[in-house]
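> task: produce atomic coordinates for the following.
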Amino acid sequence: MTETKVVVVGAGPVGLTLAMDLAWRGIDVVIIESRAAGEPPAVKCNSISARSMEVYRRLGVAEKIREVGLPADHSTDVSSSTSVTGIEISRLALPSRNGRKAKAPSPDSWWPTPEPSHRANQLFFEPLIFEHAAQQPRIQILNRHEFLDYVQKSGHVVVRLRDLNTGELKLITGAYMVGCDGGRSNVRQMIGATFVGTAQIQRVQSSFIRAPKLLALLGPNPAWMYFVLNPRRCGTVIAIDGKERWNVHNFLYNGEEYGEIDQDWAVRQILGVGPEFEFEVLSQENWMGRRMVANKMRDGRVFIAGDACHLWIPAAGYGMNAGIADAADLAWMLAAVLHGWASDDLLNAYQAERKPITEQISHIITDTALAVMMQRRSVPADIEENSAAGEASRKTLGDASHDLEIRQQCSAGLNFGYYYADSPIIAYDGEAHPPYSMHEFQPSTVPGCRAPHLWLEGHRSLYDELGPYFTVIRLDPTINVDALLKAAKERALPLKLLDVTSSEAAGAYSMNLTLVRPDQYVAWRGDAVPNDPIRLIDLVRGVSRIGEALAA
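Below you'll find the model as predicted:
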């Protein structure tokens, strides 16, 4: 029988990230994955959010990730057009990989982060983090193994699995188990969780194709994504490798069923090519856009994360990235408990924090997706006409499309604006959290918000200077924080003191002291150490709950 600290079911991006984060924190992990090592993943997620890239920066793999995906000089523009080869009606200009390095101006270049988003399909991204995870001595990946079931015992979980090559049954014991096994999650079903929401919103036909001759038809500056609007067929086309492979999404509507639509014809209408144009279908998938959130994310020592606990239409490309946020939240909590300085009650905060956020984000994303759907269903009949009326229709539709695309592709709110409003391990002080939308947010140190990023003297990222667990940021070096540091030491909670000058903070931090959690979220703030600092330390490590503000 194999023994480990955490068993992770599923070696997709969420499971791999969780394992990497746990290993980074000194926790042994076994990952169970039915696919063979090196087996290509599905062609799904196309964008790694800035918030996810901040996580990968901490784990030491961000620079490697930025080297994969589109060619270095390929733009990441989003073009709205009557077909991929047709009339462009608007374009959202976004930098290439080299443009990012050169700090080219863009609608998202103002973001307060050391790591802007990165366009790379899961086909390239997942193998890279798989390789990185496989190199970590604390991670063991069991490929070609099927998760069967588990039994919770006192103090541990016994997991049963099957070697798909030999048929041998095996057992693994772990202190905890996490199901990162996708939308059809067996672990979700086994913990008795159910999806709640809207099961059917949008039917989609996806075709992953190889079309070597398409790039030559796109002009000198091909886009990364084409948002196609015409009266016959609407869809989205995404450049996978910037050379010859493309993913074509054909959106069904007006009650259309999958079998009613000639998929070859639909692809040609979206591309804007005739029957003579040659392309190879690499894979096809019919899928349903949904808005579903699991009614619970934990049962004792077993958790779920990623698609196992939330599914929605991939507007803004935020499905995988929400799962990565789950992983970053859960990893530090599990590590804190396993290292012995936090109570098991700390783990209650995972569902208390992530479930309301995923519920809220699911509505934000679905509202945007519905607006896009309405736009597709009302494309003017004259959109392709060479006439004044056609030009007017293209201008109106193009402006609306550009507005929708900038909200999705430059989604600062989804990256940085969400906050934890009702967590049992955050010391709230009565100030309201600032509002946010998909596109907009206001940096804030209100407890529960993401700690505002700063560039410190010498162009050092504040996030690089934070400790691996808790950090107290001090703006006034004359404030004595010895009592807080002593309380943390007494409870064995790792706490780093980081002095930041007022000029470096530039008004982003409203109080002299800010306690930042391991996931870069604000746990507490004040102008002086609380009168009873041990109460604060016990709160953030999950030992006690206090409803009132901590007095200084």
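> from here on, contacts and neighbour counts on C-alpha atoms
Will do.
> check which element follows the host helix or strand of Trp246 along the chain.
Using DSSP states H and E, Trp246 falls within strand 245-251. Next helix or strand after strand 245-251 toward the C-terminus (DSSP H and E): helix 263-271.
> quick one: work out the angle between the longest helix along the chain and strand 245-251.
For the chain, the helix with the greatest residue count under DSSP state H is helix 348-376. Relative orientation of helix 348-376 versus strand 245-251 (axes from the mean of the first three to the mean of the last three C-alpha atoms, to 10 degrees): 80 degrees.
> ranges for the helices of the stretch 51-200 of the chain?
62-65, 97-101, 122-134, 186-190 (DSSP state H, counting those that start in this stretch).
> comparing these, which gets the lowest mean pLDDT score?
Lowest mean pLDDT of the helices of the stretch 51-200 of the chain: helix 97-101, a mean of 92.
> what comes into contact with that helix?
Contact with helix 97-101 is made by 66, 70-75, 118, as judged by C-alpha atoms under 8 Å, 6 or more residues apart in numbering.
> what about dumping the CA coordinates of it to CSV?
Backbone C-alpha positions of helix 97-101 (Å, rounded to 0.1, in the frame of the first residue of the first chain) are rendered in CSV as follows:
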residue,chain,number,x,y,z
ARG,A,97,4.3,37.4,-26.9
ASN,A,98,7.2,39.6,-28.0
GLY,A,99,5.0,42.6,-27.6
ARG,A,100,4.3,41.8,-24.0
LYS,A,101,8.0,41.5,-23.4
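> list the buried residues of that helix.
Applying a neighbour-count criterion of 16 or more other C-alpha atoms under 10 Å, one finds 97-100 buried in helix 97-101.
> ok so, going back, who are the packing partners of the next helix or strand along the chain from the longest helix of the chain?
Heading C-terminal from helix 348-376, the first helix or strand you meet, by DSSP H and E, is helix 388-409. Applying 3 or more C-alpha pairs under 8 Å, 6 or more residues apart in numbering; DSSP states H and E, we find helix 388-409 packed against strand 78-81, strand 88-92.
> immediately after helix 388-409, which helix or strand?
Immediately after helix 388-409, counting by DSSP H and E, sits helix 412.
> who touches that following helix?
Residues from elsewhere that reach helix 412 (C-alpha under 8 Å, 6+ apart): 108, 111, 438-441.
> closest one of the residues you listed to Leu495?
Relative to Leu495, the closest of the contacts of helix 412 is Trp111; by C-alpha to C-alpha it sits at 27.9 Å.
> on that earlier part again, mind exporting the C-alpha coordinates of the strand holding Trp246 to CSV?
Coordinates of each C-alpha in strand 245-251 appear next as CSV, following Å, rounded to 0.1, in the frame of the first residue of the first chain:
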residue,chain,number,x,y,z
ARG,A,245,-4.2,24.2,-36.6
TRP,A,246,-7.5,25.9,-35.7
ASN,A,247,-10.4,25.2,-33.4
VAL,A,248,-13.8,26.1,-35.0
HIS,A,249,-16.9,26.5,-32.7
ASN,A,250,-20.2,26.4,-34.5
PHE,A,251,-23.0,27.8,-32.2
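> before we move on, what SS does Ala11 have?
What DSSP: H, G, I helix; E, B strand; the rest coil gives for Ala11 is coil.
> now do it against Val540, distance only.
30 Å (C-alpha to C-alpha, to the nearest Å).
> next one: Arg184
For Arg184 relative to Val540 (C-alpha to C-alpha), the value is 34 Å.
> more neighbours, those two?
The residue with more neighbours, out of Arg184 and Val540, is Val540; 24 against 11, by other C-alpha atoms under 10 Å.
> gap between the closest residue to that one other than its chain neighbours and Ser544?
In this structure, Val540 finds its nearest non-sequential neighbour in Ile425, 4.6 Å apart by C-alpha to C-alpha, 6 or more residues apart in numbering. Separation of Ile425 from Ser544 (C-alpha to C-alpha) stands at 8 Å.
> so between the two, which is more surrounded?
Comparing Ile425 with Ser544 by other C-alpha under 10 Å, the one with more neighbours is Ile425, at 28 against 16.
> which stretches of the stretch 251-400 of the chain have low pLDDT?
Residue ranges of the stretch 251-400 of the chain with pLDDT under 70: 316.
> rerun that using 90 as the cut-off
Applying pLDDT under 90 to the stretch 251-400 of the chain picks out residues 253-255, 259, 312-319, 368-370, 372-374, 376-377.
> next one: the stretch 101-250 of the chain
For the stretch 101-250 of the chain, the stretches with pLDDT under 90 are 101-103, 109.
> which residues in it form strands?
Per DSSP state E, counting those that start in this stretch, the stretch 101-250 of the chain carries strands over the ranges 118-119, 139-143, 145-153, 156-163, 169-174, 176-179, 195-210, 225-228, 235-239, 245-251.
> and if you look at the stretch 451-552 of the chain?
455-456, 460-461, 470-474, 495-499, 513-516, 522-526.
> starting at the chain centroid, how far to the third one?
Here the centre of strand 470-474 is set off from its chain's centre by 26 Å, with C-alpha atoms, centre = their mean, to the nearest Å.
> circling back: could you dump the strands of the stretch 101-250 of the chain to JSON lines with mean neighbour count and distance to Ala308?
Formatted as JSON lines, the strands of the stretch 101-250 of the chain follow (neighbours: other C-alpha atoms under 10 Å; distance: least, C-alpha to C-alpha, whole Å):
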{"stretch": "strand 118-119", "mean neighbour count": "23", "distance to Ala308": "24"}
{"stretch": "strand 139-143", "mean neighbour count": "20", "distance to Ala308": "20"}
{"stretch": "strand 145-153", "mean neighbour count": "17", "distance to Ala308": "14"}
{"stretch": "strand 156-163", "mean neighbour count": "19", "distance to Ala308": "18"}
{"stretch": "strand 169-174", "mean neighbour count": "18", "distance to Ala308": "20"}
{"stretch": "strand 176-179", "mean neighbour count": "26", "distance to Ala308": "7"}
{"stretch": "strand 195-210", "mean neighbour count": "18", "distance to Ala308": "9"}
{"stretch": "strand 225-228", "mean neighbour count": "26", "distance to Ala308": "27"}
{"stretch": "strand 235-239", "mean neighbour count": "23", "distance to Ala308": "25"}
{"stretch": "strand 245-251", "mean neighbour count": "23", "distance to Ala308": "23"}
